Structure formats: structure tokens, C-alpha cells
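Asker: following is a predicted model, sequence given first.
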Amino acid sequence: IMKYDNENIFAKILKDKIPCDKVFEDEHVLSFKDINPQAKLHILIIPKKKFIDIADFLENADEEYQSSFWSSVNKIIIKLELRDKGFQIKAHKGKDGGQEVFHFHLHLLSNS
Ligand code: AMP
């Protein structure tokens, strides 16, 4: 079983050890632009707590934390005016899912 790597790139962003192009931040999440955008808008949303991937998050984050996380996701959708225009949300899980950074994150993409 995989262990959370404290030196992963998003852990370093959370610790301010490397910079990011921040879009939104609150108590529970940080959101910033993807360095290699796959759409006109491509941002990443990460919980501040340490989860390796979406399965780890769904299994191990308590309900209150999960609910706060999704509420922050909703704030971002509204703030970026995507609510009515449209968007995609993706999560890569594991090697076969194409995951490269092992701190749980959502991709939020839109061509609006
Ligand atoms: P994945 O783990 O497959 O969801 O992919 C990780 C994503 O993080 C890719 O889309 C990368 O372009 C993006 N990424 C990697 N390093 C950084 C960084 N320092 N700042 C912003 N985005 C990054």
C-alpha cells in the first residue's frame, strides 16, 4: 500500500516552497492554474489535508471534510462564472489512471 509522499509537488506548493498561480484559497482547499493547460481554463483544486488520490479521499476523509471540500469546489465554479457556461471535472487515480502527482486533486476545465 502506497504512503503519502510529503515531498510531492503539491505538498511543496501547500508549504509555499514552490510558487503557484493561485485562483482561490480558503480553510480547506487551494486552487491554482495547471502549468500545462489542456483547455482555455484549466485549474487544479486540492484539499489542504494529505490524501494520495480520490479513493484515499473518499475512504478516509471524514464526512464534514468531504462536504467542506465540495462546498469550496462549488464556490470556485461560481466565482469563475462556470456555473451556467459549463465545465469538466476530472480526477486521475493511480498509474493506470494517468495520475502523476500523488496528492489528491481535481482538474477543472472549461473552454468558456
Ligand atoms: P495528474 O496527476 O495526472 O492529475 O496530473 C498532474 C497535473 O499537475 C498535470 O496536469 C500537470 O500539468 C500539473 N502540474 C504539475 N506540476 C505543477 C505545478 N508546479 N503547478 C501547476 N500544475 C502542475
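Answerer: Received the coordinates, thanks. Residues are numbered from 1 along each chain as shown.
Asker: hey, C-alpha coordinates of whichever helix in the chain runs longest in CSV?
Answerer: Criterion DSSP state H: the longest helix present in the chain is helix 63-79. Extracted as CSV, the C-alpha positions of helix 63-79 are listed here (Å, rounded to 0.1, in the frame of the first residue of the first chain):
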residue,chain,number,x,y,z
GLU,A,63,-17.8,13.5,6.1
GLU,A,64,-17.5,17.0,7.3
TYR,A,65,-14.2,17.5,5.5
GLN,A,66,-15.6,16.0,2.3
SER,A,67,-18.6,18.2,2.5
SER,A,68,-16.5,21.3,3.1
PHE,A,69,-14.3,20.3,0.1
TRP,A,70,-17.2,20.1,-2.3
SER,A,71,-18.6,23.3,-1.0
SER,A,72,-15.3,25.0,-1.8
VAL,A,73,-15.4,23.4,-5.3
ASN,A,74,-18.8,24.9,-5.7
LYS,A,75,-17.6,28.4,-4.7
ILE,A,76,-14.8,28.2,-7.3
ILE,A,77,-17.3,27.2,-10.0
ILE,A,78,-19.5,30.2,-9.1
LYS,A,79,-16.5,32.6,-8.7
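Asker: does the ligand have contacts with the helix or strand just after that helix?
Answerer: Next helix or strand after helix 63-79 toward the C-terminus (DSSP states H and E): strand 88-90. No. Strand 88-90 stays clear of the ligand (Cβ under 6 Å from any ligand atom), getting no nearer than 7.6 Å. In this view, the C-beta of every residue, glycine as well, is placed from N, C-alpha and C.
Asker: could you give the mean pLDDT of the longest strand along the chain?
Answerer: What stands out as the longest strand in the chain, according to DSSP state E, is strand 41-47. Strand 41-47 carries an average pLDDT of 98.
Asker: many thanks, I have nothing further to ask.
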